[in-house]
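Participant: Below are the sequence and a predicted model for it; my questions follow.
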Amino acid sequence: MKPNRRTVLRAAAAACCLVLASPLVTLADDPPNTPAPAQGQPRVRSLDRAASSIAVDLPTVPSRGGASGRLFKLNHSALQAWTARAATGNPRNPAAFDGRAMAGSGGSNVVYAYHITTGKRSWSVTSPDSGISNLVLAGDSVYFTTHSCTIERIQVSTGKHVFTKWINSTVECAPDVNGDVAFAAYRSGTGAVVSSHDIANGNEGWKRNVPSQVIMAPVACGDTVSVAGVDGSVLSMDGKGKTLWSRKLGAVSAPIATSRGLLVLSAAVPADTGAPAKEAAPAEAEPEHDGKHPDRITSSSRKAPDKGPGRGVTVIENRRLAVLNPTLAPESGEDRELSGPAKSSLDYQGTRPGVSGQLVVLAYSDVIRAVDLDTGNTRWEWKLETKHGEFCEPAFGDGMVFVADNYGFVTALDANNGEVVWSYRFNNESFKAKPAFDTHRVVLTTAGGRILCLPTGLDDRIRSAESAQRDVVKEEFTKGLAKAGGTQPVRETPAPTKQEAKGVPPRESEPTPASGGEEATRREDEAPTGEAAPEAEQPPSTEGEPMSEKRRQRIEERKAERESKGPPDRTNQPVKER
């Protein structure tokens, strides 16, 4: 039996949700906005996504949803990608499991499943109501709500419509599932109602009113369920719907359940930045994951203490990320009530970080940052050349982080060091929903109604380590990028040495081959576009360092040889690596 995507994860979270009781309003615990690189810490790198991405025009697909996908080729993989029409508008979050990629039809009333490698349609299920929400995968099924006005369940392997249950005349939130209970939220007057439902038949267990309309979906974490309100509030309840605590924390999106607690992104105030982060207690061993599904915990050896220290995780501009204990109220402080931009609708998701084990990746404004959930230390960070609108919640798979945005960029980053593995810009497309991952495939939906399935580049048929395969994928993509006229993505900038950290200049060394010898003899007409050509006739200048007689003689010999042969025959010249 395949690992359960949500049930096992929630079981691990139930044992670990008490680790951190984060006082979001205790500002001294928050890390600085842009910390200086400490010794041994990675430096911030600059990335021009436009120059480091290959532009792609997707094949034409039928205007109506449901047809099988159209195959196309990308540079980084020998396996083919595919795309199909699922909706006339935004299909919202897709799902992927058991060799199938699934997407709803947005404002219509159909859910489609496709073979994840071929794009052939496996099944379709028609709901009695329209407005399909995000698809939520739990166990062997996908769950969703409809805008008017049900909660429903479909079995992935067979397409069996397990149940459809009416809950309210208008439903503007996706569901969430924990074990044998599903949770829903919908408007009621100026506030909302949160309800629980049996996953066997959709029957209601309990329901209760909450004071604010709910953003995106209720979130189950261990034995609790929490909601973020459009007024910036976060309310945590036990499994019976009883309030554990409620605070206005300036939340701008729905929380995320992690094995450390409830991850909340809030609107920061100027005083939130500039204070050093407290060092967190050492974490115990990380739960193991199965190789194909990074967010499915297959075992858990972590024992959670009754309560833990509170601290923020990271701050990017006017957004602050911190972990809350869902059972213990944050420390007292000034309330932060919001009047926007958060709202209650099936399309709105807000900025949400991606989480896999201890790694948290937050993409916001012009920054993509990966931090350690326990310590708050930055593992790697990109500073983008330009601010990039709205990012989708990042997804993980095959040791990579997949980041998409509303400008049509999809970028795969190495989760260990942040290096670009591959990156594409899909012309005339916009991404607004979290990608899904299964079996070396990343599945996305576009705001225009497409479902898109891309190979990650890894392949079970290749008997080599994932890291080695990723290196090969990087090389293949870089070749394609060069042919397309782009620039090679910036690689890791080494951490400062002990001497650099202390302000001691490095010792002078012999000139490298790039500053003399064969590369120095490249003529101007051989220089790549945008790169100044070195003057071959003059020995390279190394001020303060004498040139060896052997090197000078070699340059003079090459100069005389060129003058005697005349213009070079380019057909016999080897291509120099740049």
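Facilitator: On my side now, so go ahead.
Participant: Would you mind splitting this structure into its domains for me?
Facilitator: 7-279+306-483, 514-527+547-564 (automatic domain parsing).
Participant: out of those domains, deepest packed?
Facilitator: domain 7-279+306-483 (a mean of 20; mean count of other C-beta atoms under 10 Å). To be clear about C-beta, it is placed using only N, CA and C from the backbone, and glycine gets the same treatment.
Participant: Least confident of the domains of the chain, on average?
Facilitator: Ranked by mean pLDDT, those bottom out at domain 514-527+547-564, which scores a mean of 50.
Participant: Tell me the secondary structure at residue 51.
Facilitator: Classification of residue 51 using DSSP: H, G, I helix; E, B strand; the rest coil returns coil.
Participant: any idea how far residue 385 is from it?
Facilitator: Per C-beta to C-beta, to the nearest Å, residue 51 is found 8 Å from residue 385.
Participant: again with residue 228
Facilitator: Taking C-beta to C-beta, one finds residue 228 at 32 Å from residue 385.
Participant: Over to residue 139?
Facilitator: Separation of residue 139 from residue 385 (C-beta to C-beta): 43 Å.
Participant: Ok, residue 321 next?
Facilitator: 24 Å.
Participant: Over to residue 240?
Facilitator: 51 Å.
Participant: all strands for the stretch 51-200 of the chain, in order.
Facilitator: Counting by DSSP state E, counting those that start in this stretch, the stretch 51-200 of the chain has strands at residues 54-56, 70-72, 81-85, 95-97, 100-104, 110-115, 121-126, 136-138, 141-145, 150-155, 161-166, 176-178, 181-188, 191-198.
Participant: how about a markdown table for these, with distance to residue 353 added?
Facilitator: Listed next are these as a markdown table, based on distance: least, C-beta to C-beta, whole Å:
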| stretch | distance to residue 353 |
| --- | --- |
| strand 54-56 | 27 |
| strand 70-72 | 31 |
| strand 81-85 | 27 |
| strand 95-97 | 20 |
| strand 100-104 | 23 |
| strand 110-115 | 27 |
| strand 121-126 | 32 |
| strand 136-138 | 18 |
| strand 141-145 | 23 |
| strand 150-155 | 27 |
| strand 161-166 | 32 |
| strand 176-178 | 17 |
| strand 181-188 | 21 |
| strand 191-198 | 23 |
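Participant: Which one, of those, ends up nearest to residue 330?
Facilitator: Smallest distance to residue 330 across the strands of the stretch 51-200 of the chain (C-beta to C-beta): 20.0 Å, for strand 191-198.
Participant: Contacts for the closest one, please.
Facilitator: 151, 165, 167-168, 175, 180-187, 203-214, 218, 225, 227, 229, 237, 239, 241, 344 (C-beta atoms under 8 Å, 6 or more residues apart in numbering).
Participant: now with 7 Å?
Facilitator: Outside of strand 191-198, the residues within contact range by C-beta atoms under 7 Å, 6 or more residues apart in numbering are 151, 165, 167, 180-186, 203-214, 218, 227, 241.
Participant: Which strands and helices lie in contact with the helix or strand that it is followed by?
Facilitator: Proceeding N to C from strand 191-198, the next assigned helix or strand is strand 204-210, under DSSP states H and E. Applying 3 or more C-beta pairs under 7 Å, 6 or more residues apart in numbering; DSSP states H and E, one finds that strand 204-210 contacts strand 191-198.
Participant: The strand it packs on: partners in the sheet, and parallel or antiparallel?
Facilitator: strand 181-188 (antiparallel), strand 204-210 (antiparallel) (DSSP bridges).
Participant: Let me have those strands in a markdown table, adding distance to residue 446 as columns.
Facilitator: Shown next, in a markdown table, are the strands paired with strand 191-198 (distance: least, C-beta to C-beta, whole Å):
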| stretch | distance to residue 446 |
| --- | --- |
| strand 181-188 | 26 |
| strand 204-210 | 33 |
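Participant: would you list every one of the strands in the stretch 351-500 of the chain?
Facilitator: So, for the stretch 351-500 of the chain - with DSSP E, counting those that start in this stretch - the strands run 354-356, 359-364, 367-372, 378-384, 395-397, 400-404, 409-414, 420-426, 436-438, 441-445, 450-455.
Participant: so which of those strands gets nearest residue 158?
Facilitator: strand 436-438 (17.1 Å).
Participant: So in that sheet, which strands flank that closest one, and in what orientation?
Facilitator: Assessed with DSSP bridges, strand 436-438 is paired to strand 441-445 (antiparallel).
Participant: relative to strand 400-404, how tilted is the strand it pairs with?
Facilitator: 20 degrees (axes from the mean of the first three to the mean of the last three C-alpha atoms, to 10 degrees).
Participant: hmm, back to that, closest one to residue 56 among the strands of the stretch 351-500 of the chain?
Facilitator: Comparing the strands of the stretch 351-500 of the chain under C-beta to C-beta, the one sitting nearest is strand 420-426, at 5.1 Å.
Participant: Who does the closest one pair with, and is each partner parallel or antiparallel?
Facilitator: Going by DSSP bridges, the partners of strand 420-426 are strand 54-56 (parallel), strand 409-414 (antiparallel).
Participant: what residues does the shortest one touch?
Facilitator: Right, the one you point to is strand 54-56. In contact with strand 54-56 (C-beta under 7 Å, 6+ apart) are residues 75, 424, 425, 426, 427, 480, 481, 484, 486.
Participant: Pick out whichever of those sits closest to residue 413.
Facilitator: residue 424 (13.2 Å).
Participant: ok, residue 247 touching residue 330?
Facilitator: Yes: counting by C-beta atoms under 7 Å, residue 330 is a contact partner of residue 247 at 5.5 Å.
Participant: For the closest residue to residue 73 other than its chain neighbours, grab phi and psi.
Facilitator: Nearest non-adjacent residue to residue 73, counting by C-beta to C-beta, 6 or more residues apart in numbering: residue 80, 5.9 Å away. Main-chain torsions, residue 80, degrees, to the nearest 10: phi -90, psi 150.
Participant: how far does stretch 45-57 stretch from start to finish?
Facilitator: 29 Å (C-alpha to C-alpha, to the nearest Å).
Participant: for stretch 157-171, same thing?
Facilitator: The straight-line separation of the ends of stretch 157-171 (C-alpha to C-alpha) is 27 Å.
Participant: Residues contacting it, please?
Facilitator: By C-beta under 7 Å, 6+ apart, stretch 157-171 touches 98, 113, 122-123, 125, 127-128, 140-141, 145-155, 184, 186-187, 195, 197, 201-202.
Participant: at 6 Å what do you get?
Facilitator: If you take C-beta atoms under 6 Å, 6 or more residues apart in numbering as the criterion, stretch 157-171 is touched by 98, 123, 125, 145, 149-155, 184, 186-187, 201-202.
Participant: ditto for stretch 354-365
Facilitator: With C-beta under 6 Å, 6+ apart as the test, stretch 354-365 has contacts from 256, 258, 286, 294-295, 316-317, 319, 321, 351, 353, 369-374, 387, 391, 393-394, 396, 401, 403.
Participant: Let's see that stretch as CSV, backbone CA atoms only.
Facilitator: Extracted C-alpha coordinates of stretch 354-365, given in CSV (Å, rounded to 0.1, in the frame of the first residue of the first chain):
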residue,chain,number,x,y,z
GLY,A,354,7.1,25.8,0.9
VAL,A,355,8.1,23.3,3.5
SER,A,356,9.9,20.0,3.3
GLY,A,357,11.3,18.6,6.6
GLN,A,358,13.5,21.3,8.1
LEU,A,359,13.8,23.3,4.9
VAL,A,360,11.5,26.3,4.5
VAL,A,361,11.6,28.2,1.1
LEU,A,362,10.0,31.6,1.0
ALA,A,363,9.7,33.5,-2.3
TYR,A,364,8.5,37.1,-1.9
SER,A,365,9.1,40.4,-3.7
